[in-house]
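[1] Please find the sequence and the predicted model below.
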Amino acid sequence: MPTRRELLVAAGSSALSQTKVAGANDRLRFGVIGAGARGAFHARRLAVRSDAEVVSVCDVYQTRAEAARQQAKVKEDVAKDYRRVLDRKDIDAVVVSVSDHWHTPILLDALDSGKDVFLEKPMTWRIEEGHDIVKSVKRTGRVVQVGTQQKSGPHFLEAKQRFFDSGLIGKVSLIRTFWIANRGFFRHPPKGFAFRPDELDWKLFQGRAPKRPFDAQRYFGWTMFQDYSTGQPGGVFTHLVDTAHMMLGLAAPSAVVALGGNFEFSEDRDTPDTISLLAEYPQKVTLTADATQSSPRDIVDVEFHGSGGVLNIFRNGYKFRPNDSGAPVIEARGVDADGPHMDNFIQAARSRKQPNADVVYSHYVTAICHMGNLSYFGRRRVDWDPAWNVETLSK
């Protein structure tokens, strides 16, 4: 079995990969579409790489776009309409980090414009959108990486080989997961904010959503509204489900049920502030996922219960407790996954091979979350519909 050091080197942390010498002509030229917290993060990280450069920043809120432009030291003026970025022939790839309801339209337009795409999760706003995305990737030959960074995380890859591929964990029958108090799903307008139509294009933000008068809570807290978001299932469960799927090779579930409600914060949202999901898979394993805003403590965990032991893992590291009481506990600290995930995307863009979190894999990860929403809002059990399958579309 490879050593921990060998696995980490093979996975390629960004600190190492970014020190490689690359000429200006070897750099991938990026446009960043969406300059909120996550988009600005990507712009800053790309700006210091030797194999990439950011040449355009776009956001419907010009204040955010300008802040990200300055942080990434982009020389050109910011754009408000993403189509201006896609029209540019000198841009190789785009990072798309916008509200969920814009993911599919921007992604499909980007593919048609000849751009490779790093798309923040969740891949889709509705489950049926996966078909169009998989077909478009096949038709255009473009590369799409979805931002579930665990798929490239060195200690996640190490754990997969060490406990799952080796068989050490045994038969896994239950995966317990939770993400408590992720404050990305409890956002409100900044103090002193005053709406200016020339600064924030509310009409463009709404896109295909129902048209409403400007509402600052809906803009800044869009993650809390069905018109623009998949709520906590798409926002946080995606990462938990991703971890389960990559370790066990899971795809379509048999069925999903979800319950919850707005138990504390009903005045500023229509997605649940508390939700619990249960998914059953044909591989005879169940997964639970819980999230709530009714807690002051942001905590997260993915726990695999196997016949050979119990593994707890997420971004801070992992701990494996063997069933054999005499065997030592195996622990490891977490390693940055964002850098390796972007490394993998850039390598895929150069090799023209699909990346770790490709659109077929990501369709099934995201589908669990969509089924959770269908169950919650429909107050019913949701069985897998074969019409949602996409494997044959990619061949």
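    Okay, I see it. Residues are numbered from 1 along each chain as shown.
[2] How many residues are close by the nearest residue to Phe214 once chain neighbours are set aside?
    With sequence-adjacent residues excluded and distances taken as C-beta to C-beta, 6 or more residues apart in numbering, Phe214 is closest to Trp202, at 4.7 Å. Every C-beta, even on glycine, is put in place using the N, C-alpha and C of the backbone. The number of residues packed near Trp202 is 18, by other C-beta atoms under 10 Å.
[3] what's the answer for the one 5 residues further on, then?
    By other C-beta under 10 Å, 16 other residues sit near Gly207.
[4] With adjacent residues omitted, what lies nearest to it?
    Nearest non-adjacent residue to Gly207, counting by C-beta to C-beta, 6+ apart: Trp102, 5.7 Å away.
[5] now Lys135: how far from Met123?
    Taking C-beta to C-beta, to the nearest Å as the measure, Lys135 falls 14 Å from Met123.
[6] do the same with His155
    24 Å.
[7] between the two, who's got more neighbours?
    Of the pair His155 and Met123, Met123 is the one with more neighbours under other C-beta under 10 Å, namely 30 against 25.
[8] That one belongs to a helix, doesn't it?
    No: under DSSP: H, G, I helix; E, B strand; the rest coil, Met123 falls outside any helix and is assigned coil.
[9] Tell me who's in contact with it.
    Applying C-beta atoms under 8 Å, 6 or more residues apart in numbering to Met123 gives the contacts His103, Gly130, Ile133, Val146, Val359, Ser362, His363, Val365, Thr366.
[10] rewinding a little: what sits against the residue nearest to Phe214?
    By C-beta under 8 Å, 6+ apart, Trp202 lies in contact with Val60, Phe195, Phe214, Tyr219.
[11] The third one: how many residues sit nearby?
    It refers to Phe214. When neighbours are counted by other C-beta under 10 Å, Phe214 registers 13.
[12] didn't Trp179 look like it was pressed against Thr238?
    No: the criterion here is C-beta atoms under 8 Å, and Trp179 misses it with Thr238 at 10.0 Å.
[13] These two - which one has more neighbours?
    Remark: of Trp179 and Thr238, Thr238 carries more neighbours, 25 against 22, as counted by other C-beta under 10 Å.
[14] Would you mind pulling the contact partners of the helix or strand containing that one?
    Thr238 belongs to helix 238-248 when assigned by DSSP states H and E. Contact with helix 238-248 is made by 121-122, 148, 150-151, 156, 159-160, 163-164, 172, 175, 177-179, 250-251, 279, 283, 285, 287, 289, 300, 302, 304, 313-314, 357, 361, 364-366, 368-369, as judged by C-beta under 8 Å, 6+ apart.
[15] can we see that at 6 Å?
    121-122, 148, 150-151, 160, 164, 175, 177, 287, 289, 302, 365, 368-369 (C-beta atoms under 6 Å, 6 or more residues apart in numbering).
[16] Just flag the most distant two among those.
    Farthest apart among the contacts of helix 238-248 by C-beta to C-beta are Pro122 and Phe164. That separation is 24.3 Å.
[17] These two: which has the busier surroundings?
    Using other C-beta under 10 Å as the criterion, Pro122 and Phe164 rank with Pro122 on top: 26 against 19.
[18] ranges for the helices of the stretch 51-200 of the chain?
    Secondary structure of the stretch 51-200 of the chain by DSSP state H, counting those that start in this stretch: the helices cover 62-71, 82-86, 103-112, 129-140, 154-159.
[19] looking at the ones you listed, which is closest to Glu391?
    Closest approach to Glu391 among the helices of the stretch 51-200 of the chain is made by helix 129-140 (8.8 Å; C-beta to C-beta).
[20] List the buried residues in that closest one.
    Residues Glu129, Gly130, His131, Ile133, Val134, Ser136, Val137, Thr140 are the ones in helix 129-140 that count as buried (16 or more other C-beta atoms under 10 Å).
[21] quick one: Gly178 and Ala289, what's the gap?
    Actually, residue 178 is Phe rather than Gly. Phe178 is 7 Å from Ala289, by C-beta to C-beta.
[22] Neighbour count for those two, which is higher?
    Higher neighbour count among Phe178 and Ala289: Ala289, with 29 against 18, using other C-beta under 10 Å.
[23] so where does the more buried one fall, helix or strand?
    strand 285-292.
[24] Could you pull out the buried residues of that strand?
    Val285, Leu287, Ala289, Asp290, Ala291, Thr292.
[25] May I have the beta-bridge partners of the last one?
    The reference is to Thr292. Counting by DSSP bridges, Thr292 is bridged to Ile180, Thr274.
[26] my guess is it contacts Thr274, does it?
    Yes: counting by C-beta atoms under 6 Å, Thr274 is a contact partner of Thr292 at 4.1 Å.
[27] And Ile313, its phi and psi?
    phi -150, psi 140 (degrees, to the nearest 10).
[28] wouldn't it be in contact with Val302 here?
    Yes: Ile313 is in contact with Val302 according to C-beta under 6 Å; the separation is 5.5 Å.
[29] Please convert the buried residues of helix 129-140 to a markdown table, extending it with distance to Arg380 and pLDDT.
    A markdown table is the format used below for the buried residues of helix 129-140 (distance: C-beta to C-beta, whole Å; pLDDT from 0 to 100):
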| residue | distance to Arg380 | pLDDT |
| --- | --- | --- |
| Glu129 | 22 | 98 |
| Gly130 | 21 | 97 |
| His131 | 23 | 96 |
| Ile133 | 26 | 98 |
| Val134 | 27 | 97 |
| Ser136 | 31 | 97 |
| Val137 | 32 | 97 |
| Thr140 | 37 | 97 |
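[30] Nearest to Leu107 among these?
    Checking these against Leu107 with C-beta to C-beta, the nearest one is Ile133 at 6.3 Å.
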